[in-house]
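1. Could you work out the structure for the sequence below:
(chains A and B)
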Amino acid sequence: MTFNNIVAVAMSGGVDSSTVAAMLRGEGYELIGLTLQLWNQRRLAGHEGMPEQVQGRCCSIDDVYDARRVAEAIGIPYYLVNEQERFEADVVRPFVSEYLAGRTPIPCSLCNNHLKFDQLLLRARQFGADRIATGHYARNEYDPERGRWILKRPADRSKDQTYFLFGLTQEQLSRTLFPLGGYTKPEVRELAAQHSLALATKPDSQEICFIPGGDYKQFIDAYLDEQGEAMPDTSGEMVTANGEVMGRHAGIHNFTVGQRKGLGVNSTNPLYVLRIDSAAHRVVVGGGDELATRKFRARDLNWIAIPELTGEIRAEVKIRHRHEPAAAVIRAAGADEVEIEFDVPQRAVTPGQSAVFYDGDEVVGGGWIS
Amino acid sequence: MKRIYMDANATTPVLPEVLEAMRPWFLESFGNASSIHQPGQRARAAVEQARAHVAKLLGCRPAEVVFTSGGTESDNAALFGMVHAGEHLITTAIEHHAVLHVAEKLRERGAEVTFLPVSREGVVSPEDVRRALQPNTKLISVMYANNETGAIQPAVEIGKIAREAGVRFHTDAVQAAGKLPLNVEALGVDLLSISGHKMHAPQGVGILYVRKGLQLEPMMFGGSHERQRRAGTENVPGIVGLGKAAEMALENLNSGGVARLARLRDRLERGILAAVGGAGVHSGGVARTANTSNMYFDFLEGEALVIALDLRGLATSGGSACMSGATDPSHVLLAMGVTPRHARASIRFSLSKLSTDEDVDAALEIVPAAVARLRELAPVNAGTLG
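-> Here you go, the predicted structure:
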């Protein structure tokens, strides 16, 4: 399939996506700048536990102005596309529900799957662009031998965002440009400066975009308060793996697997959350050595390098953003589910996070830890 | 790409004659209209000349014209200047936010406010106004023409009701100026707001008509400008431009300019309806300003259509320009009983005296193609729209 020369650039007002726009402009594409308006940071101000003045970066007026100035400077049309309702339904709601169910969600992957590479691509195509470009650190290329689009880790391993991109379909990969995949972050800042982008020195954003300061518990309290919903009572016992009751806790959403701080129990050895039994409202704790897991399952899979898994394969498996992929066997285990067995048990396999399978630089596929 | 502008209700270009009239007042003829010296005297004369042009457009005395920074300031000055805690304001659900948000603020400060509903065609009923009257009613504020649909409100009838009841009447005539005759006696208004840039004067200048003898508490304090009704050095070039624009608007009204606009607008509307299924016109069954057409297109989102049209060179609006980027569907369409989904599927075309038959021809090429493209790639929930 041949695509037209029109590309919609997903612009956040940050350095990366602004540089993408400037780079592609120089390569002769016809560009349309789009910013997704996903969330209104002021919305929860003053609700339960949230200060009256919320300072946040997400979709702020300042970021939109930055993106607009870049678009103006490089001479491309630019539009703000309002997707607040979809973002709430597809990202914020599930994020809250997952925590309340004792899991630890990854909103960035949901956003990529439902907003950036779905709705944004749709909008781009409605506006006449066959493809989109984003500032993600990742690489994609078509492999004629396999007849598949392949997603690969970027040149700058420290900025690798492929973990959040495992859900991309072949169609989405074919219609996406990742112009930063071959560059390191310092090189991108250098490029931004070469293109005279005033924001070349703007700091990176790190936190979950809609939770300024990263206090997700405060966010959940404020969101439920705004929605007029009571916080479900999931308080219960904190127990060891042997069933010994160590104390009580105020609600399972306050915990994530591997957490050590804020458990509220005294022990001579450091204690960690081993797992969360959401049905019984029980938080199971134990020593660091008990945190390691050899086998677990993942479902709602997406395969990229292969059409589907039959039998088993060996791959390196990454179980959270900051985890170094570890060697494992992946076996088909029923409909849309796999069993993963690490060669060496890994710490804190956390339900709600994703497991992404790598073969060297290539993303084989991935799924959600169940 | 040839660019076609159909968003005149958001703003209009300054006409060359208007710019020419303004030009000397930035340069060789600069002067503060309050100064004693001759440059100041000339500036004063220019301001008063402009005031006379505006008075002619409104059929009022020059002394009743107060220059402001625009429609929003005029609306704020009228409402805040008239209504106090314990007093009652009658207005409608379809006002511009420059009135609606002031009314809400007045309510916070202890005034009583009635927001009247409108018909499915977006028109308020004079009988509803009469029924809403209370012993403490101080002001009725009803716009003359709606900015989003163009629907003309029964200002003359409301003016009569106000006079009979001894209540003051303000109308936001921002979207009527230049498109409808604006005689303050015929309308029976005590206060009337106009914005310069909706009628080919520059942005940043407007008018509040204040009936002689009306006690209006000023919002701005400082010098004794504008007969102590609006402190602040006069925007001489802007005011001169507004005077020229008022003069030209009156000429245009008297020489069939409105009928020409209506013909263009109707051709645009009919052409789109003939080429595109699942579309319709809001307030299509009532009298509207001749330049405005608010249309809905099933199975798409107005915001996306506005962008798609802009990329093809046609500038339109999803509603009020002040709303862009906002998530809420138009409060005007919702007040008319339009469903939120349908309200979101609506866009506004608004023409100006600079619009041409060629513009309409081009729009009739662009709109059906853009709608078809959007519908072809409509989101999965398209089937539930409507």
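
2. Give me the below-cutoff pLDDT ranges for the chain.
-> In the absence of a named chain, this looks at chain A. Counting by pLDDT under 70, chain A contains low-confidence residues at A:53-59, A:206.

3. that's the other chain; I wanted chain B
-> B:319-327, B:379-386.

4. can you tell me which residues contact residue A:107?
-> By C-beta atoms under 8 Å, 6 or more residues apart in numbering or on different chains, residue A:107 lies in contact with A:91, A:92, A:95, A:208, A:210. (Each C-beta comes from the backbone N, C-alpha and C, glycine too.)

5. Dump the residues you listed to TSV, plus neighbour count, distance to residue B:250 and secondary structure.
-> Formatted as TSV, the contacts of residue A:107 follow (neighbours: other C-beta atoms under 10 Å in any protein chain shown; distance: C-beta to C-beta, whole Å; DSSP: H, G, I helix; E, B strand; the rest coil):
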residue	neighbour count	distance to residue B:250	secondary structure
A:91	26	55	helix
A:92	20	54	helix
A:95	24	59	helix
A:208	19	59	coil
A:210	25	53	coil
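
6. For the residues you listed, could you give me CSV that also reports distance to chain B?
-> Putting those into CSV (distance: C-beta to the nearest C-beta, whole Å) gives the following:
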residue, distance to chain B
A:91, 15
A:92, 14
A:95, 19
A:208, 21
A:210, 15
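
7. for these, which one is nearest residue A:74?
-> When the contacts of residue A:107 are compared for distance to residue A:74 (C-beta to C-beta), residue A:210 wins out at 28.2 Å.

8. what about the helices in the stretch 251-386 of chain B?
-> Assigned by DSSP state H, counting those that start in this stretch, the helices in the stretch 251-386 of chain B fall at B:257-275, B:302-311, B:331-335, B:340-344, B:357-376.

9. just the stretch 1-150 of chain B next, same as before
-> B:16-26, B:38-58, B:71-82, B:97-108, B:126-132.

10. if we compare those helices, which one ends up closest to chain A?
-> With C-beta to the nearest C-beta, the closest approach to chain A among the helices of the stretch 1-150 of chain B belongs to helix B:97-108: 16.2 Å.

11. tell me which strands and helices that closest one is in contact with?
-> With contacts defined as 3 or more C-beta pairs under 8 Å, 6 or more residues apart in numbering or on different chains; DSSP states H and E, helix B:97-108 has these neighbours: helix B:71-82, strand B:88-92, strand B:112-116.

12. Format the helices of the stretch 251-386 of chain B as CSV; extra columns: distance to residue A:45.
-> Formatted as CSV, the helices of the stretch 251-386 of chain B follow (distance: least, C-beta to C-beta, whole Å):
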stretch, distance to residue A:45
helix B:257-275, 42
helix B:302-311, 25
helix B:331-335, 22
helix B:340-344, 24
helix B:357-376, 35
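
13. Let me know which of those helices is the nearest to residue A:183.
-> Judged by C-beta to C-beta, the one of the helices of the stretch 251-386 of chain B that comes nearest to residue A:183 is helix B:302-311, at 29.5 Å.

14. is that closest one up against chain A anywhere?
-> Yes. Helix B:302-311 reaches chain A (C-beta under 8 Å from any C-beta of the partner chain) through B:303, B:304, B:307, B:308, B:310, B:311.

15. hang on, isn't the third one packed against residue A:79?
-> Yes. In this structure residue B:307 lies within contact range of residue A:79 using C-beta atoms under 8 Å: 4.8 Å.

16. How is the chain divided into domains?
-> Since no chain was named, I'll use chain A. If you go by automatic domain parsing, the domain ranges for chain A are A:6-217, A:236-286, A:294-369.

17. that's the wrong chain, I wanted chain B
-> B:4-12+B:256-384, B:16-253.

18. and these as JSON lines, adding mean neighbour count?
-> Formatted as JSON lines, the domains of chain B follow (neighbours: other C-beta atoms under 10 Å in any protein chain shown):
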{"stretch": "domain B:4-12+B:256-384", "mean neighbour count": "19"}
{"stretch": "domain B:16-253", "mean neighbour count": "20"}
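
19. Flag every residue of chain A that's near chain B.
-> Contacts of chain A with chain B, taken as C-beta under 8 Å from any C-beta, map to A:32, A:37, A:40, A:64, A:77, A:79-82, A:84-85, A:119, A:122-123, A:125-128.

20. If we use 10 Å, what do you get?
-> By the rule C-beta under 10 Å from any C-beta of the partner chain, the part of chain A lying against chain B is A:6, A:32, A:34, A:37, A:40, A:61, A:64, A:77, A:79-86, A:88, A:118-119, A:121-129.

21. circling back: TSV please, covering the residues of helix B:302-311 next to chain A and showing distance to residue A:269.
-> Listed next are these as TSV, based on distance: C-beta to C-beta, whole Å:
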residue	distance to residue A:269
B:303	57
B:304	58
B:307	59
B:308	63
B:310	64
B:311	63
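
22. Just name the closest of those to residue B:329, please.
-> residue B:303 (10.1 Å).

23. list the contacts for the closest residue to the closest one other than its chain neighbours?
-> Spatial nearest neighbour of residue B:303, chain neighbours left out: residue B:318 (5.3 Å); criterion: C-beta to C-beta, 6 or more residues apart in numbering or on different chains. Taking C-beta atoms under 10 Å, 6 or more residues apart in numbering or on different chains as the criterion, residue B:318 is in contact with A:82, B:148, B:301-307, B:324-326, B:329-330, B:343-344, B:346-348.

24. picking that back up, which residues are common contacts for residue B:307 and residue A:79?
-> When C-beta under 10 Å, 6+ apart defines a contact, the residues bordering residue B:307 and residue A:79 alike are A:32, A:34, A:123, A:127.

25. And the furthest pair within these?
-> A:32 and A:123 (9.5 Å).

26. Overlap in contacts, those two.
-> A:8, A:79, A:129, A:132, B:307.

27. Now, of the residues of chain A next to chain B, which are buried?
-> A:6, A:32, A:34, A:37, A:40, A:64, A:79-84, A:86, A:88, A:118-119, A:121-129 (16 or more other C-beta atoms under 10 Å in any protein chain shown).

28. Find the centremost residue of chain A, please.
-> Central residue of chain A (C-alpha atoms, centre = their mean): residue A:108, 2.5 Å from the mean position.

29. Please report the distance of that residue from residue A:210.
-> Here residue A:108 is placed at a distance of 11 Å from residue A:210 (C-beta to C-beta, to the nearest Å).

30. cool, residue A:189 as well?
-> Applying C-beta to C-beta, the value for residue A:189 to residue A:210 is 26 Å.

31. Who are the packing partners of whatever helix or strand residue B:164 lives in?
-> If you go by DSSP states H and E, residue B:164 is part of helix B:155-165. Applying 3 or more C-beta pairs under 10 Å, 6 or more residues apart in numbering or on different chains; DSSP states H and E, one finds that helix B:155-165 contacts strand B:88-92, helix B:126-132, strand B:137-141, strand B:168-172, helix B:184-187.

32. Alright, that wraps it up for me.
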